[in-house]
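Asker: just coords:
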């Protein structure tokens, strides 16, 4: 089963979520990091598809790049504090459950692609007769991880809206006290 446009699902949902949650700088910074790694991945995908064995190393590196971008957000915000966006991002940075979920998904993809790389290499040198993990597990797992990460990105809309409603309620309570 192939779904040719599944690779575009994540960036499209990220763009939509970014537009809806623009006021929350923490979510905006997270989504911009996600989009940056997606752009790099999608722009090098056609090259990677021409490398039958090295494709899995490329896939591991794209997951690793995503991991570095997302996990290193606070560090990068600190380094670029001369720019006002990064100053605000550094001051308001907080790790979220969604971010932890995305990092776990990234680690699962790295591990899965490592297993696949070893298996495909052993198949290529005729040590294995069948690349079972690649054919029956990895491809489904990758698609499932794309869907999970897309749902996690979309859930940021609800998180942002909940935060916005909470702020409105606290402003109303402040008005009642005054």
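Answerer: That came in fine, so what should we check first? This one's a predicted model, so the numbers in the text were calculated from it and none came from an experiment.
Asker: Would you mind pointing out the helix or strand the residue positioned nearest the centre of the chain falls in?
Answerer: The chain has residue 34 as the residue nearest its centroid, 4.9 Å off, counting by CA atoms, centre = their mean. Assigned by DSSP states H and E, residue 34 belongs to helix 25-48.
Asker: Let me see the mean pLDDT of that helix.
Answerer: Mean pLDDT, helix 25-48: 93.
Asker: ok, now stretch 147-165?
Answerer: Summarised as a single mean, pLDDT over stretch 147-165 is 82.
Asker: Give me the residues contacting stretch 82-92.
Answerer: By CB atoms under 8 Å, 6 or more residues apart in numbering, the residues outside stretch 82-92 that reach it are 25-26, 29, 73-74, 76-81. C-betas here are computed from N, CA, C, even on glycine.
Asker: for the residue lying closest to residue 64 once chain neighbours are set aside, what are its contacts?
Answerer: Spatial nearest neighbour of residue 64, chain neighbours left out: residue 110 (6.1 Å); criterion: CB to CB, 6 or more residues apart in numbering. Residues in contact with residue 110 (CB under 8 Å, 6+ apart) are 60, 63-64, 67.
Asker: Let me have these in TSV, extended by neighbour count, pLDDT and distance to residue 134.
Answerer: Shown next, in TSV, are these (neighbours: other CB atoms under 10 Å; pLDDT from 0 to 100; distance: CB to CB, whole Å):
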residue	neighbour count	pLDDT	distance to residue 134
60	18	96	14
63	24	95	16
64	16	95	20
67	18	92	22
